[in-house]
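Visitor: Please find the sequence and the predicted model below.
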Amino acid sequence: MLAKNFKKSLLAVNIGLIMTAGLTGTVYAADEVKVKEDVEVIEVRGIRRSLEASMNTKRFANAVVDAVSAEDIGKFPDNNVAEALGRVPGVTVSRQFGEGSSVSIRGASNSLTLTTLNGQNVASAGWYSQQAIDRTFNYSMLPPELIAGMDVYKSSQADLLEGGVGGTVVVKTRKPLDLDALTVFGSAKATKSSIGDETDPALSALVSWKNDTENFGILGSIARSDYSLERRGVEALPNWGGRIAPTAFVQERERTAVDFVLQYAPTENLDFGLHYMNLELGADGVNNQVWVPQNLSDACEKNADGVEIKCTTDQAWVTENGLGGNGYYDVRPRNATMETELFAFDFKFQGDGFKVEGQIGTSEATGGTNFETNVAYISGVGGAVGTIDATGNVIDLDLVDKSFPLPSAGEYVGWEGLQPNSIVNEPRTDEETYAQIDLEFDTDFGLITSIKTGARWSDHDVVRDQNRPILKGFDGDAQAALVDSSRFVNGTIAAGMDNTSIPKADGGAMVAYSKEFIDGWVRARSGYASLNEESIALYVMANFQGDNFRGNFGLRYVSTDASSTAYALDPTLVDTVNPINNGYSMNTVTEDHDYSEFLPSVNIAYNYSEDIIIRASASTVISRPNYNDMFANSALSGYADNDPQNQTVVKGTPTLSPFKANQADLGVEYYFSPSSLVSAAIFWKDVATFTTFSQVADQAIGIVDPGTGEDSWLLQSYKDGDGGDVLGLELQLQHSFDNGFGAIVNYTYADANANAENFVDHNPIFSDSSEHTVNTVLFYENDDFSARAAYSWRSEYMIRETGFYGAREHQDFGTLDLSATYKISDNFTVIADITNLLEEDSVQIGNHQKWGGSDAKRFSKGYPAYAYQGEARYSLGVQFRF
C-alpha cells in the first residue's frame, strides 16, 4: 500500500516538473515510460516552480543529488554559474578576480570536483601564466543563459563518469524538442562596478524551432558580454627587501558563447542529437604595482617568527640606499584568450523492455598567455618614507609621499624600462575524444527491476609550452636613458586598499614597444611538457525496488595509461641562443604509467512514510592527479622576476596514483509540502592516496637567474602520499508560503583533515575547505514581480597555488546578492541584480606551521600576505520571449 501511495505522490507532485528537473535515472525504470506518457510537459517558470523542480530532482533520485534549475530561459538564479552552485548545501565557491570560478564539494579541494557537460568531460584552459594547470572547470567561461540546470551528485553510482572525490556536477543544456514549437528569447543588460568606471554590456538570444510533427528541431543561441574586472589591493613580498605593493589589476574580458543543437526523432522510440558549442573568453589585462621597500632595521617590530611587521623609514635611509631605497614601478601587461569548442553526437533507442544510448564527441580548449611583458622604473623619490604596518590582517602604508612620480628620460640608468627576460609566450591546449555506449534492460529478478551496463573510451591530451624572444637591437641601459617613462603612462589609477593613486600603465603601448625588439621566438625547454591519458571504463549497475525502498548498486572498472614527454636535464649543455635553456638537453624523454581501479557503489532510499525518506550510500571514488603534477618536465618558477629567494624547479611525474577515497552518507529528508523540505545528512570520506611533494634546497642545474644572479635552486618533486578524511554534517530547510514569500537556509559543517606532510605549509587540512558554510535565501513572488536576497558565508580556508601566490589562508568571506524581476507584459520582463552588495574584501594571510623556505616571511603565520577590495556589481536589463 505504501508503495502505491508513493507512486501516486510522485505523479501528483511532478506534473509539469519531472521532465524539466531531469527524469532520466531519477525514477524507477519500470515506471519511466508510463510517467512520460501520462504527464503533460510544462516548462518551469518562476522562483517557486524552479525550486520545486530542484527539490523533486533530489526527492526522486536514487543517489544523493541536489539540483539548480533555471526558472526559465535566461533566468538563471545567479549571474555566475559557479555562484549559483554555491547555494547548494555542501558546495563552496572559490573566486578569482572577484567572480566565482570553481567549486568544492563537502570539504574536498576544487581540483577534486568533476564537472561534466551533459555527462561528458569538457576541455578547459586557463589564461594566467603563473597558475598551475589542474582539472577544475573554469565556470567564468559559461554564460548562465545557455544552461537549463545542474545536478550535483554528492554520492557516486556506477554509471557516473569517474573523477570526482568531492562530487560531480552535471551541467545540462537545452534541446529543441523540449521547448515550444517556436521559442524566441533575447536579453540586453548593462552592468556597473563599484570600483571601475565603465558600464559593461551583455546581450543574448535564443531561437528554438520544431516541426508540426514534433520529431525534428533546431536550437541556436548566442551570448556576448564585454566586462571589465578591476582588482585593487596590497600584495606583500617581504623577502625582497621588505617590499609591499599597492596594486591595481585591470582586465578587459570579452566573452562569446555559441550553442547549436539539432534533434531528430524519426519514431517515438528513436532519438538522434547533434551538439556544437563554442566558448571564447578574451582576457587582456595589465597589472600595475609600486613595490615600496622598508628599512629592515633592528628598530622594526617583529612577529614570533622574527618577521618585520612594523617598520618606519626616514629620508636618510632612502638617500643612503640610492635607487634601492625608492619605490619600484612594476607593470606586467598580458594578452590572453581562452577558447573551448566541442562537438557531440548522441542517440537513444527505447525498445520493448530495454534502452540503448550512445555518445561520441570531442572537446578541445586552447588558452594560456599569448604575450606577456614587463616594464619597470624606479618610482617615487622619497616615496618609501613613512611607516608600513603589517600588525593586522591588512597592511597599512602610511607614507609621506604616495605620488610615486616616474623619471624623465635619462634621469636614471639601470633597472629601467623594458625587462626582456620577462617577455614570454605560454600557450596551452587541452583535448579529449570519447565514445560511450549504455544499455539498460528490464529484469524479473525479484527486487531488481533493471540492469544498466556500458563502456566508455577516452583519449586525453594536455600540452603546455613556453617560448622566449630572440631580441634584436636592444640595449637596456641605452633604452632606459632614451625612453621617457611618460610614453607608457596614461594618467593615474587607484590602487591598494585605500585607493592610493599610482601611475596607470598604457599596456598596449608597452606591448607594442616590446615587440619592436623581437626577431623571433625560441622554445624554453623547461616550460614544455605533454601528457596523454587513455582510459577505458566498464560498468554494471542494478536498480532495485521494494514495497518501501529503492536504489541501485554497481561496480565501475577504470583502466588508464598515462605518459608524459619533456626535455631531459643536461647540466653540461650551454645554449648560446637562450640562456634559459642551459642545463636542458635538446632530446625529449617519456615517462609511462598505468593503473586500474574497481569502484563499487550502493545507494538506497527508504520511504519511511509518504513524505519522509531515509537515504544511505557508500562508494569508492577516484580523482586523477592534477595535470601540472603529472608533467615530466623540470619547470622553472621565479625565473627573472627580481625576487632573490624564490628560484624553484618543479618536477612532476605521470607515475602518480589517483586520489582514492571511500565514502558514505546517511540522511533523512522530510517533504512537508509540494515545495517544502527539511533534511539532515552526515557524510564521511576517507582519502587513502594523495599527491604530496618533496623538496631539496640549493641545487645547481646549470642555469643562472638573470634577474638576481642566483645559481642555486629549490628542487620540488611530487609523489604519492598519505591522504586524509572528511567528516561532516548538512542541514537544509526550504519552504514556500502561500502568500508568495519563501526561504531557503542550509548549513554545512566539514571537518577535513589531511596529513600535514602533504603540504608545504604543513597545515593538516584540505585545500579550499571551509569548516563552516551558511547559505540563506529569502524570496517573494507574485504574477508580475519577484525579488530575492541571498547571503552566503564561509569560514577561513587554505588556498594553495604554485608560483608567485603560494599557500595562504583566506579569511572568512560573506556576500549578499539581490535580484528582482518585473513583468511589464506577457513578453517583456525587466531584471535587476546586485552582486556582493556589502563589498566584502578578500583578505589572505600567511599560515605556514613550519617556518622556512624561499617565501618564509610572506607566509609566516599571521602575516598579511594579500588583501583586495570588495567589488559590488549592479546590473539592469530587459528580457523578451515569444
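Guide: Sure, I can see it.
Visitor: what residue is smack in the middle of the protein?
Guide: Ser102 (2.6 Å; Cα atoms, centre = their mean).
Visitor: what's around the spatially closest residue to Phe404 that is not a sequence neighbour, how many residues?
Guide: Using Cβ to Cβ, 6 or more residues apart in numbering and skipping residues adjacent in sequence, the residue nearest Phe404 is Gly380, 3.7 Å away. Placement of C-beta: from N, CA and C, glycine included. By the criterion of other Cβ atoms under 10 Å, Gly380 has 24 neighbours.
Visitor: residues touching Gly380, list them.
Guide: With contact taken as Cβ atoms under 8 Å, 6 or more residues apart in numbering, Gly380 is in contact with 290, 292, 326-327, 329, 401-405.
Visitor: sorry, back to before: part of a strand, is the residue nearest to the centre of the chain?
Guide: Yes. The assignment for Ser102, made by DSSP: H, G, I helix; E, B strand; the rest coil, places it in a strand.
Visitor: Is it bridged to anything, and to what?
Guide: Listed beta-bridge partners, Ser102: Ser94 (assigned using DSSP bridges).
Visitor: right, and it touches Thr136 too?
Guide: Yes. Applying Cβ atoms under 8 Å as the test, Ser102 and Thr136 come out as touching, 4.4 Å apart.
Visitor: shared neighbours of these two, anything?
Guide: Common neighbours of Ser102 and Thr136 (Cβ under 8 Å, 6+ apart) are 110, 113.
Visitor: Show the contacting residues for Val165.
Guide: 108, 112, 621-623, 659-661, 663, 685, 687.
Visitor: just Tyr671 next, same as before
Guide: Neighbours of Tyr671 in contact, by Cβ under 8 Å, 6+ apart: 55, 59, 611-613, 677.
Visitor: Kindly recompute the last result at 7 Å.
Guide: 59, 611, 677 (Cβ atoms under 7 Å, 6 or more residues apart in numbering).
Visitor: just checking, which of the contacts of Val165 belong to strands?
Guide: Residues of these located in strands (DSSP state E): 621-623, 659-661, 663, 685, 687.
Visitor: ok, back up a step: just send the contacts of Val165 back as TSV, with pLDDT and neighbour count too.
Guide: Output for the contacts of Val165, formatted as TSV (pLDDT from 0 to 100; neighbours: other Cβ atoms under 10 Å):
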residue	pLDDT	neighbour count
Ala108	91	28
Leu112	91	30
Val621	97	29
Ile622	96	22
Ser623	95	24
Phe659	93	25
Lys660	95	19
Ala661	95	26
Gln663	97	25
Lys685	96	25
Val687	92	27
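Visitor: Out of these, which comes closest to Tyr557?
Guide: In terms of Cβ to Cβ, no member of the contacts of Val165 lies closer to Tyr557 than Ile622, at 11.6 Å.
Visitor: could you measure the residue nearest to that closest one when sequence neighbours are not counted against Arg243, distance?
Guide: Excluding the flanking residues, the one nearest Ile622 by Cβ to Cβ, 6+ apart is Pro658, at 4.3 Å. Look at Pro658 and Arg243: by Cβ to Cβ, to the nearest Å, they are 41 Å apart.
Visitor: May I see the ChimeraX selection of the buried members of the contacts of Gly380?
Guide: Buried members of these, defined by 16 or more other Cβ atoms under 10 Å, are picked up in ChimeraX with:
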select :290,292,326,327,329,402,403,404,405
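Visitor: Quick check: of the contacts of Gly380, which lies closest to Gln315?
Guide: Of all the contacts of Gly380, Asp401 has the smallest distance to Gln315: 10.0 Å, by Cβ to Cβ.
Visitor: who are the neighbours in contact with that closest one?
Guide: 380, 382-383, 385.
Visitor: before we move on, what SS does it have?
Guide: Recorded secondary structure, Asp401: coil (three-state DSSP).
Visitor: same deal with the one 4 residues further on?
Guide: State at Pro405, reduced to three classes by three-state DSSP: coil.
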